[in-house]
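Participant: sequence unavailable; structure follows:
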Ligand code: 1CP
């Protein structure tokens, strides 16, 4: 890995300072799933273009990634892509179906299915590197976050064949065929690490590893079946010079274990107050979160009280990146997001 150096303004940005647990001029804020979803200008440029196809067009990726930065003045951009992009690039037969999410043509049930998952080579995601190279000069002092899906969350889509509420087939494979399970997670960790390295080499300033659905597991199962594989990904980026953020939903009971996976920043959903989360994660890591995305539908005074509470609780952490506890919901009024950015900046100004 030979990451391109970041401009000084990016290195000194409030976002990277908070990730490094250094004081800054204000608490940085960005929103998971800020690129797209709630923005009319996003729906306009996406009209008639499939999700995977959009991710393969550097000009479109560049435009969509910049939209929330222009509109809301967030402190970081997140690359427009999806967690299944590297799987599709490697040759796994899948699609992202509007209104549903990732759908896999031939779900994984046995070792032969795992062995049939090709490795990812960097050239297969050249279009992602190209989009990052286009974005850097456009973003100026705003850091760009790259991302990937963690082995458990990716495995869930591959085993279930699509989105699942219970992750029943995934757990059945995990308990019933642990060898197949671990082989699958090893392959996914490899693909994820390759994908993140491509993004780091092309110039992202930070990476986020999404283990969105890990909260479906008990701590014991998380430690046995998931943690080693997430560690392989995050550990593989040790020394890459970019902060590593690790996030999942419903992870209150997993925060201590997730904090051991090798991230510099741990994302927290809205269920656990940040001061409580910090007690579980430890004082050597920054936290990210954790406004309930539904408070964006609440009256203005309720929303501002919640923003204030999250900032207050975040002061217990050695570094705080303000965010939602999960992604922006598609029905969100974009103006509410803009107001949250202004409020976070105003209330946290030092
Ligand atoms: O800000 C952004 O929108 C950036 C781009 C982004 C990110 C970070 C997209 C675009 N997807 C993701 C990550 C992602 N994808 C995660 C982790 C984050 C999270 O938990 O929200 C997950 C679990 C996915 C899988 C996925 N892709 C789903 C969820 C399905 C489920 O299981 O409930 C969905 C709906 C998609 C499709 C998708 N990805 C992104 C967009 C804009 C869309 C909708 C596309 C469309 O329907 O046209």
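Facilitator: Nice, I can see it. What you are looking at is a predicted structure, and each value in this text was computed from that prediction instead of being measured. Numbering: from 1, shown residues only.

Participant: who touches residue 221 in this structure?
Facilitator: By CB atoms under 8 Å, 6 or more residues apart in numbering, the contact set of residue 221 is 171, 174. Any C-beta I mention is one placed from the backbone N, CA and C, and that applies to glycine too.

Participant: show me where this protein has its strands.
Facilitator: Listed from the start of the chain, the chain has strands (DSSP state E) covering 77-78, 94-97, 101-104, 144-149, 206-210, 244-247, 265-267, 286-291, 320-324.

Participant: quick one, which of the ones you listed gets closest to residue 38.
Facilitator: Among these, the nearest to residue 38 by CB to CB is strand 320-324 (11.6 Å).

Participant: what's in contact with the closest one?
Facilitator: Here strand 320-324 has contacts from 15, 18-19, 27-32, 76, 245, 265, 267, 270, 274, 286-293, 310-311, 314, 344, 348, using CB under 8 Å, 6+ apart.

Participant: in it, what counts as buried?
Facilitator: For strand 320-324, burial by neighbour count (16 or more other CB atoms under 10 Å) applies to 320-324.

Participant: ditto for stretch 296-308
Facilitator: By neighbour count on 16+ other CB under 10 Å, the buried set for stretch 296-308 is 296, 303-304, 306-307.

Participant: now swap in stretch 90-97 and tell me
Facilitator: Buried residues in stretch 90-97, counted by 16+ other CB under 10 Å: 90, 92, 94-96.

Participant: with pLDDT and distance to residue 255 added, can I get these in TSV?
Facilitator: Below are the buried residues of stretch 90-97 laid out as TSV (pLDDT from 0 to 100; distance: CB to CB, whole Å):
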residue	pLDDT	distance to residue 255
90	98	31
92	98	31
94	98	31
95	97	34
96	97	30
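
Participant: one step back: if we take the buried residues of strand 320-324, which one ends up nearest to residue 216?
Facilitator: Out of the buried residues of strand 320-324, the member with the shortest distance to residue 216 (by CB to CB) is residue 324, at 19.9 Å.

Participant: beta-bridge partners for that closest one, please?
Facilitator: Going by DSSP bridges, residue 324 is paired in beta bridges with residue 291.
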